[in-house]
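Chemist: This is the structure alone, sequence omitted:
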DNA sequence: AACAGATACCTGCTCGAACAAGTAACTACC
DNA sequence: GGTAGTTACTTGTTCGAGCAGGTATCTGTT
């Protein structure tokens, strides 16, 4: 574990401190950026916790959800759906295959590609994964009214859109 | 790169798509959670971009900022300040040392510990790192009024607090 | 039909993150 | 002062993420 976290295996690493005077310098340089960073960190930790007991590693659940929902997909499709990376997908699929959650079948129309399909064993996980997602949602939105949730969502999306915009139109400072 | 992103090395991987119908299933299972996930992803990509041209890897800049601000620190101090992991810190410091941004000196009072201090070479980076942070802040908060920024910040912090709370007081669903 | 370019996938590498173990060195208590 | 427990750090492993190649295979054009 990280440090004083007592309940190992329960609370995500290092949660429960900071949130007060986390990183003075970094915070002053970009409070919102820093808040995103911390929120993301915690959020990832919790997601990791939840997934851990299901037997998946963070990221794998996203692949599985696509397969469960859309059926067999080529790796490149998964890459595009998840906005991931071909190399990462290769390895993630290999591990999922090795774990028995996924099977590969050569594409009938394209000798380069193979179709990735969820195994029967994987379907047992589906409910658990979905539960974990809503569990996480409950945790993160605890105490928020419906209106506040809508508001929070639109705030997050606005920030996201700013970044998407900056990526598409690098008229911005990202350039040197 | 990921997919159709044209300007390789400029726009972070895979930005510019999704944001419309990204991951139907995952989104419906936890819209805010999912929004956090996407925002964090993009945010990390941008931060990575910015850091890349400085010559640091994501995470290393946080260590350096602590050192610049507080002076020589033991690894355990850095771990606590950044809420990181001792093992990760060992390797991050090793890489920073190898890159010439950091030096190790045995602690005068504790033979187990060593003091990590920023090198002169590293100080040249400081301004760049700080610029990158405010650049990122500008990107992410583009078009937001001062009031909206305050609001966004408190929204992020509220979500963060929810997670912190859940970590400290696992009366919640995180437990099985 | 032949070629150039795009695709789909794979492999090797580095890095942070997290877990598990292990080794010194320090501290507290008897 | 000697031992039990803690602490600081290291190493090994797995995993996602990203970059840089490399190899088949397909496709569009001539």
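Modeler: Yep, it's here. Treat the numbers as computed from the prediction; the structure is a model and nothing was measured.

Chemist: Next, the residue positioned nearest the centre of chain A: phi, psi?
Modeler: Nearest to the geometric centre of chain A sits residue A:59, at 5.6 Å (Cα atoms, centre = their mean). Main-chain dihedrals, residue A:59, degrees, to the nearest 10: phi 110, psi -40.

Chemist: and it, what does it touch?
Modeler: A:84, A:88, A:92 (Cβ atoms under 8 Å, 6 or more residues apart in numbering or on different chains). Bear in mind the C-beta positions are built from the backbone N, C-alpha and C, glycine included.

Chemist: Let's see that with 10 Å instead.
Modeler: A:47, A:48, A:51, A:82, A:84, A:88, A:89, A:92, A:95 (Cβ atoms under 10 Å, 6 or more residues apart in numbering or on different chains).

Chemist: Could I get the contacting residues of residue A:97?
Modeler: Contacts of residue A:97 (Cβ under 10 Å, 6+ apart): A:103, A:104, A:116, A:119.

Chemist: out of the residues you listed, who has the most neighbours?
Modeler: The most crowded member of the contacts of residue A:97 is residue A:116, carrying 24 neighbours; neighbours defined as other Cβ atoms under 10 Å in any protein chain shown.

Chemist: Would you verify that that residue is located in a helix?
Modeler: No: when DSSP: H, G, I helix; E, B strand; the rest coil is applied, residue A:116 is found to be strand, with no helix at that position.

Chemist: quick one: it and residue A:81 touch, right?
Modeler: No: using Cβ atoms under 10 Å, residue A:116 is not in contact with residue A:81, being 11.5 Å away.

Chemist: joint contacts of the two?
Modeler: Contacts common to residue A:116 and residue A:81, judged by Cβ under 10 Å, 6+ apart, are A:63, A:66, A:67, A:73.

Chemist: Among those residues, which one sits closest to DNA strand C?
Modeler: residue A:73 (8.4 Å; Cβ to the nearest atom of the strand).

Chemist: residues in contact with the nearest residue to that closest one once chain neighbours are set aside?
Modeler: Spatial nearest neighbour of residue A:73, excluding adjacent residues (Cβ to Cβ, 6 or more residues apart in numbering or on different chains): residue A:116 at 5.7 Å. Contacts here follow Cβ under 10 Å, 6+ apart; on that basis residue A:116 touches A:63, A:66-67, A:71-75, A:77-78, A:89, A:92-93, A:96-97, A:102-105.

Chemist: again, 7 Å this time
Modeler: Applying Cβ atoms under 7 Å, 6 or more residues apart in numbering or on different chains to residue A:116 gives the contacts A:67, A:72, A:73, A:75, A:78, A:93, A:102, A:104.

Chemist: and DNA strand C, which of those residues contact it?
Modeler: Among the contacts of residue A:116, the residues that sit close to DNA strand C (Cβ under 7 Å from any atom of the strand) are A:75, A:93.

Chemist: now, which of the contacts of residue A:116 lie within helices?
Modeler: A:67, A:75, A:78, A:93 (DSSP state H).

Chemist: could you list every residue that touches the third one?
Modeler: Just to be clear, that refers to residue A:78. Applying Cβ under 7 Å, 6+ apart, the residues near residue A:78 are A:63, A:66, A:89, A:116.

Chemist: same check, this time on the last one
Modeler: Residue A:93 is in contact with A:75, A:102, A:116, counting by Cβ under 7 Å, 6+ apart.

Chemist: ok, those residues vs chain B, which is closest?
Modeler: Chain B has its nearest neighbour among those in residue A:75, at 12.4 Å by Cβ to the nearest Cβ.

Chemist: My guess is that closest one contacts residue A:91. True?
Modeler: No: counting by Cβ atoms under 7 Å, residue A:75 stays clear of residue A:91, with 10.5 Å between them.

Chemist: ok, those two, which is more surrounded?
Modeler: residue A:75 (19 against 10).

Chemist: circling back: wait, which of the contacts of residue A:93 is closest to DNA strand C?
Modeler: residue A:75 (3.2 Å).

Chemist: residues touching the closest one, list them.
Modeler: A:86, A:89, A:90, A:93, A:116.

Chemist: same thing with residue A:104?
Modeler: A:97, A:114, A:116.

Chemist: DNA strand D contacts on chain A?
Modeler: Residues of chain A lying near DNA strand D (Cβ under 7 Å from any atom of the strand): A:57-60, A:84-88, A:91-92, A:95, A:110-112.

Chemist: who wins for neighbours among those?
Modeler: Of the residues of chain A next to DNA strand D, with other Cβ under 10 Å as the count, residue A:92 tops at 23 neighbours.

Chemist: show me what contacts it?
Modeler: Residue A:92 is in contact with A:59, A:60, A:63, counting by Cβ under 7 Å, 6+ apart.

Chemist: neighbours of the last one, just the number please.
Modeler: I take that to be residue A:63. 26.

Chemist: show me the contacts for it.
Modeler: Taking Cβ under 7 Å, 6+ apart, one finds A:78, A:82, A:92, A:96 in contact with residue A:63.
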